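Student: just need the structure, nothing else, for what follows:
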Amino acid sequence: MRPMVPMVVMALLASAPVAFIACGKSGQEQQSEATRKSADEPQKGAEGTARGLVDPVSVKELIALLPAPAGWQRERPTGERLTAPVHFADAMVRLMKGDATVTAKITDSALNQVLVEPLTILMASHHERGSSREYEKAVTVGDAPGFEKWDSKTKSGNLTVMVNKRFIVEIDGSGIDDPKVLHEILDKIDLGKLADLK
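Tutor: Numbering: from 1, shown residues only. Take a look at the predicted model:
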């Protein structure tokens with residue numbers, strides 16, 4: 001199975017050309033632009049910045065929601081939180097049972113559209129592709145829209161859902177016999193409590 005590439009990383013790579021173009025400006029142009037943006041954008045308040053961003057929740061809060069299913073060996077969870085240059089926080093844990101390995105990750109996009117747009121586009125397009133061996137399709141888990149992938153030959157799959165248009169939950173598995181395993185692990189995460197985080 002290909003290594004899991006977090007959506008945050010993909011989104012950052014997608015925005016890299018924009019950063020490169022900005023670097024090509026002279027120092028005076030950059031300073032002038034920064035001053036102009038500072039004057040145009042209102043100060044951050046309880047509702048976030050003019051771009052709709054909010055402070056990401058703490059890593060501790062995300063770790064508390066990571067799954068700990070019975071019968072699985074659970075490694076120590078890890079996480080990180082950034083407020084510049086990109087707002088986000090995430091936490092992840094790896095679970096193992098026999099030949100199966102599942103990684104569960106929760107990302108707080110802090111309402112940053114750069115991070116949520118790739119998944120939003122997939123869900124909105126109702127993309128679906130399949131064969132006798134593998135499939136990709138849009139799904140809904142409870143009230144959470146998402147996307148699911150499965151390959152029976154490699155026994156690997158991914159289930160990603162978006163909660164409250166802000167939190168991205170990714171369940172990535174390899175060496176599993178059935179994609180139901182991904183849903184079983186996701187069921188161990190309280191999506192309602194996640195949606196209420198601020």
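
Student: make it CA atoms for all contacts and neighbour counts henceforth
Tutor: Will do.

Student: center of the chain - which residue?
Tutor: Centroid-nearest residue in the chain, with Cα atoms, centre = their mean: residue 168, separated by 3.8 Å.

Student: what sits against it?
Tutor: By Cα atoms under 8 Å, 6 or more residues apart in numbering, the contact list for residue 168 reads 106-109, 116, 160-162.

Student: where is pLDDT lowest across the residues you listed?
Tutor: Scanning these for pLDDT, the smallest score is found at residue 116, 89.

Student: need the pLDDT of residue 121.
Tutor: Here, the pLDDT recorded for residue 121 equals 83.

Student: mind checking how far it is from residue 114?
Tutor: According to Cα to Cα, to the nearest Å, residue 121 and residue 114 sit 12 Å apart.

Student: help me confirm that residue 116 is found in a helix?
Tutor: Yes - per DSSP: H, G, I helix; E, B strand; the rest coil, residue 116 lies within a helix segment.

Student: surely it is in contact with residue 164?
Tutor: No - if you go by Cα atoms under 8 Å, residue 116 and residue 164 don't touch, sitting 11.2 Å apart.

Student: which of those two has more neighbours?
Tutor: residue 116 (22 against 17; other Cα atoms under 10 Å).

Student: show me where this protein has strands.
Tutor: Secondary structure of the chain, counting by DSSP state E: strands at 73-74, 78-82, 88-97, 100-108, 128-130, 134-141, 144-151, 156-163, 167-174.

Student: just put these in TSV and tack on distance to residue 182.
Tutor: Shown next, in TSV, are the strands of the chain (distance: least, Cα to Cα, whole Å):
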stretch	distance to residue 182
strand 73-74	15
strand 78-82	20
strand 88-97	12
strand 100-108	8
strand 128-130	18
strand 134-141	12
strand 144-151	9
strand 156-163	6
strand 167-174	6
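
Student: among those, show the one with the smallest mean pLDDT.
Tutor: With a mean of 79, strand 128-130 has the lowest mean pLDDT of the strands of the chain.
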